[in-house]
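In: Output the structure for:
(one chain, ligands or ions: 1)
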Amino acid sequence: MNQWDTLTDIFGCRWDEAEIPACAADNICIAWPSMLSGVDRTFPEKASLSVLDFGCGGGLFCRCLHGLGHTVTGYDRSEELVKVAQGNVPPEVLVTSNRTVIEGAAKYDLITSIMVLPFIEDLHGVLGTLARLVKGNGVIIQAVFHPEFVMDNFKTNRLVTDFSSETNSGFLELEKGVKIPVHIRSESEYRQAYSRYGLAEIYRDSPPFSQEFLAKYQMPFSTRYPEYLIQAFGRRAA
Ligand SMILES: C[S@@+](CC[C@H](N)C(=O)[O-])C[C@H]1O[C@@H](n2cnc3c(N)ncnc32)[C@H](O)[C@@H]1O
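Out: This is a model prediction of the structure:
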């Protein structure tokens, strides 16, 4: 059984009303603007891109990208989250858990991936796939856990448990009994990993929690350090 299938309450939240859902507020208010700023900077002239959101979860970022005029495909291995995502996106957005669909499609201008790679042990296997699926002049933009955020929270409230500093991995237990292995990698480890595929870093950001955000949303963890590390990689100069 795919562990993510049991987390639809957390990663499959709906956003039908004006208010941003609290379960995704940090993602939407902090990670998304930086991801979108990375898109604007790396594609200053192109208005409409073909985009793959890899590990799209409940599909909210797919919906956002579609709203910005892009042609969007969402892929996630969790069939339950894909079902939720299909209910969250307009019919023009394809969301699938079938890998052959994305492997068989035309290559993408842009691949986005928000908080997926920390949960992947075989990083090289996945980066190899993404590098194959992105166009030669395309870009991959990712959000991952910022290592300082994880270390700070590991010490204070054990957001990540059983953390081993030898392997830099531990477990995230967002719901009792569902322990998901998590792998914390630094910005330079990602740079090195992408360099195997001829992809170089062209954008990097660590967006902090703003006072305005913290006044509105209560986070169940320490917000002293940025939660997200955003990096974009491409086969062209920064
Ligand atoms: C923390 S959630 C993030 C979901 C979404 N990107 C978001 O920002 O809300 C991690 C997602 O990665 C997906 N995932 C984990 N391993 C994957 C893999 N090998 N291929 C595709 N998706 C994967 C999970 O099913 C889950 O939806």
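
In: Return the distance of the residue in the chain that the ligand sits nearest to relative to Glu103.
Out: For the chain, the residue closest to the ligand is Gly57, as judged by Cβ to the nearest ligand atom, at 2.6 Å. For the C-beta atoms, the positions are set from N, CA and C on the backbone; glycine is no exception. As for Gly57, its distance to Glu103 is 20 Å (criterion: Cβ to Cβ, to the nearest Å).

In: Equivalent analysis for Asp109, please.
Out: From Asp109 to Glu103 the distance is 17 Å (Cβ to Cβ).

In: higher neighbour count, these two?
Out: When neighbours are counted by other Cβ atoms under 10 Å, Asp109 and Glu103 differ, and Asp109 comes out ahead with 21 against 11.

In: C-terminal to the helix or strand hosting that one, what's the next element?
Out: Element membership for Asp109, per DSSP states H and E: strand 108-114. Counting by DSSP H and E, the next helix or strand C-terminal to strand 108-114 is helix 123-133.

In: tell me the angle of that next one relative to strand 108-114?
Out: On the basis of axes from the mean of the first three to the mean of the last three Cα atoms, to 10 degrees, helix 123-133 is oriented at 150 degrees to strand 108-114.

In: for helix 123-133, packing partners?
Out: helix 99-104, strand 108-114, helix 187-195 (3 or more Cβ pairs under 8 Å, 6 or more residues apart in numbering; DSSP states H and E).

In: Let me see the residues that make contact with that helix.
Out: If you take Cβ atoms under 8 Å, 6 or more residues apart in numbering as the criterion, helix 123-133 is touched by 52, 54, 102-103, 107-108, 111, 113, 117, 120, 140, 183, 185, 193-194, 196-199.

In: is the helix or strand just after that helix anywhere near the ligand?
Out: Following helix 123-133 in sequence order, the next helix or strand is strand 134-145 (DSSP H and E). No. Against the ligand, strand 134-145 shows no contacts by Cβ under 6 Å from any ligand atom, the least distance being 7.4 Å.

In: Tell me the buried residues in strand 134-145?
Out: Val134, Lys135, Gly138, Val139, Ile140, Ile141, Gln142, Ala143, Val144, Phe145 (16 or more other Cβ atoms under 10 Å).

In: Beyond it, next helix or strand please.
Out: Toward the C-terminal end, the helix or strand that comes next after strand 134-145 (DSSP H and E) is helix 147-156.

In: Alpha carbons of that next one, in CSV - could you do that?
Out: Only the C-alpha atoms of helix 147-156 are listed here, as CSV (Å, rounded to 0.1, in the frame of the first residue of the first chain):
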residue,chain,number,x,y,z
PRO,A,147,18.1,21.4,6.0
GLU,A,148,18.4,24.1,8.7
PHE,A,149,14.6,24.0,9.2
VAL,A,150,14.7,20.2,9.6
MET,A,151,17.6,20.3,12.1
ASP,A,152,16.0,23.0,14.1
ASN,A,153,12.7,21.2,14.3
PHE,A,154,14.3,17.8,14.9
LYS,A,155,15.9,19.3,18.1
THR,A,156,12.8,21.1,19.3
